[in-house]
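here are the coordinates; sequence isn't available:
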């Protein structure tokens, strides 16, 4: 494959990913997201790996999910990077 083709594919995938994750979440989606978080959280905590899955399922950036968790006073546990226990 030519280098220009690889660059074009990379550029396309980068734009696709950016567009997919730069969308607003509707109030209805936010409510479903919060319900999902509350259903999965135990004692005010939710495992990091589960946060990754929830963010992917809802099509939102992990950073956005973190903001929502902070607003809900839900802490991340079992951090995959070892940042939170």
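Looks like it arrived, so ask away. Just so it is clear, the model here is predicted, and its values are computed rather than measured.

Would you map the strands across the chain?
Counting by DSSP state E, one finds strands in the chain at the ranges 45-47, 75-77.

Ok, which of the ones you listed comes nearest residue 63?
Residue 63 sits nearest to strand 75-77 of all the strands of the chain, at 12.3 Å, using Cβ to Cβ. Placement of C-beta: from N, CA and C, glycine included.

strands paired with that closest one, and their directions?
The pairing partners recorded for strand 75-77 under DSSP bridges are strand 45-47 (parallel).

which of the residues in the strand it pairs with are buried?
The neighbour-count check on strand 45-47 (16 or more other Cβ atoms under 10 Å) flags 46-47 as buried.

what does stretch 75-85 give?
Counting neighbours by 16+ other Cβ under 10 Å, the buried set in stretch 75-85 is 76-77.

Contacts made by that stretch with the rest, please.
Identification of contacts with stretch 75-85 by Cβ atoms under 8 Å, 6 or more residues apart in numbering yields 44-49, 51-52, 66, 69.

And for stretch 39-50?
37, 54, 69, 73-81, 84.

re earlier: for PyMOL, what selects the buried ones among the contacts of stretch 75-85?
Applying 16+ other Cβ under 10 Å to these, the buried members can be selected in PyMOL as follows:
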select buried, resi 46+47+48+51+69
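
can I get the contacts of stretch 75-85 in CSV with distance to residue 58 and pLDDT?
Output for the contacts of stretch 75-85, formatted as CSV (distance: Cβ to Cβ, whole Å; pLDDT from 0 to 100):
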residue, distance to residue 58, pLDDT
44, 20, 96
45, 19, 96
46, 14, 96
47, 16, 95
48, 16, 93
49, 15, 93
51, 11, 94
52, 11, 93
66, 13, 92
69, 13, 96
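
In a markdown table, list the contacts of stretch 75-85 along with distance to residue 31.
Converted to a markdown table, the contacts of stretch 75-85 look like this (distance: Cβ to Cβ, whole Å):
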| residue | distance to residue 31 |
| --- | --- |
| 44 | 20 |
| 45 | 21 |
| 46 | 17 |
| 47 | 22 |
| 48 | 23 |
| 49 | 24 |
| 51 | 18 |
| 52 | 21 |
| 66 | 18 |
| 69 | 15 |
